[in-house]
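*Asks:* The following comprises the amino acid sequence and a computationally predicted model.
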Amino acid sequence: MPWQLLPLVLFFLTACGDLRRTLLPPQETRSPGSGVVSPREHPAPDASRKQPFHRDRCLRERQALEAQMAELRRSEAMLARVKEETYGPRSSPPRWNEDQESRFRPEDRDADWQRYLQAREEWNRQEGSRLARWKSDHARRVEEAQLRLDRTARSLREQQPDLFTAPGSIEFNPAVVRRLRHCEG
């Protein structure tokens, strides 16, 4: 009964073929008519499992990373705006008008001159303290904006060390940005 042995022979040949593929390393596995199969054609099990894992991780983290990248640019713009601010003094008392004062008696002119000097001195004093407060407040705002920028850049460096073009830079490496946006590599 050769026809009864046929399924047994087929099973045996199939099992031996599977056993041979299991025992031989990928570079020695032969495909029909083409010689040795390279390892690239049969990726290692770890590599094939890592690719979807890394892509899934990238897709999960991409939105948060892009939000932080946008935050870095907003922080940079805020720092630039704060640094560009200038102090605007209040208007000073009107200038002394000698022609107008010459119409008055000398006693009245002297009294007006004294009032003008007092007003000018008071304005200088107030303006000096106002300028000192502005400088202090401005320095504090510049420091806060710089800290915010530094904190965001540090967080991005921790998450993606190759994101920037240089260690102290906040300019993004275009190749890394492209890779992150498309979850490549």
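*Replies:* Noted; the coordinates are in hand.
*Asks:* and Leu147, how far is that from Ala153?
*Replies:* 11 Å (Cβ to Cβ, to the nearest Å). The C-beta positions use only the backbone N, C-alpha and C, and glycine is treated the same way.
*Asks:* So between these two, which is more surrounded?
*Replies:* Neighbour totals were compared for Leu147 and Ala153, and Ala153 leads with 20 against 12 (other Cβ atoms under 10 Å).
*Asks:* I'd say the more buried one and Leu72 touch.
*Replies:* Yes. Contact criterion Cβ atoms under 8 Å: Ala153 and Leu72 qualify, at 6.0 Å.
*Asks:* Phi first, then psi, for Phe164.
*Replies:* Note on Phe164: backbone dihedrals following degrees, to the nearest 10 are phi -100, psi 160.
*Asks:* hmm, I was thinking of Phe104
*Replies:* Dihedral angles (degrees, to the nearest 10) for Phe104: phi -90, psi 170.
*Asks:* For Gln114, see how far away it is.
*Replies:* From Phe104 to Gln114 the distance is 13 Å (Cβ to Cβ).
*Asks:* swap in Gly88?
*Replies:* With Cβ to Cβ as the criterion, Gly88 and Gln114 are 29 Å apart.
*Asks:* Then Arg60?
*Replies:* 76 Å.
*Asks:* just Pro161 next, same as before
*Replies:* Taken as Cβ to Cβ, the span from Pro161 to Gln114 is 69 Å.
*Asks:* Ok, Ala139 next?
*Replies:* In terms of Cβ to Cβ, Ala139 sits 38 Å off from Gln114.
*Asks:* Would you mind listing the outside residues contacting stretch 113-127?
*Replies:* 89-90, 92-93, 96, 101 (Cβ atoms under 8 Å, 6 or more residues apart in numbering).
*Asks:* quick revisit: overlap in contacts, Ala153 and Leu72.
*Replies:* Ile170.
*Asks:* now the strands for this protein?
*Replies:* 30-31, 35-36 (DSSP state E).
*Asks:* residues touching the residue nearest the centre of the chain, list them.
*Replies:* Nearest residue to the geometric centre of the chain (Cα atoms, centre = their mean): Met69, 3.3 Å. When contacts are counted by Cβ under 8 Å, 6+ apart, Met69 touches 156, 163, 172, 177.
*Asks:* where does it sit relative to Ser75, distance-wise?
*Replies:* Met69 is 11 Å from Ser75, by Cβ to Cβ.
*Asks:* now His138
*Replies:* Remark: distance between His138 and Ser75 (Cβ to Cβ) = 17 Å.
*Asks:* Likewise for Trp113?
*Replies:* Trp113 is 53 Å from Ser75, by Cβ to Cβ.
*Asks:* Neighbour count: these two, which is higher?
*Replies:* More crowded of Trp113 and Ser75, by other Cβ under 10 Å: Ser75, with 20 against 13.
*Asks:* Identify the residues contacting Met78.
*Replies:* 145, 148-149.
*Asks:* again, 6 Å this time
*Replies:* Ala145 (Cβ atoms under 6 Å, 6 or more residues apart in numbering).
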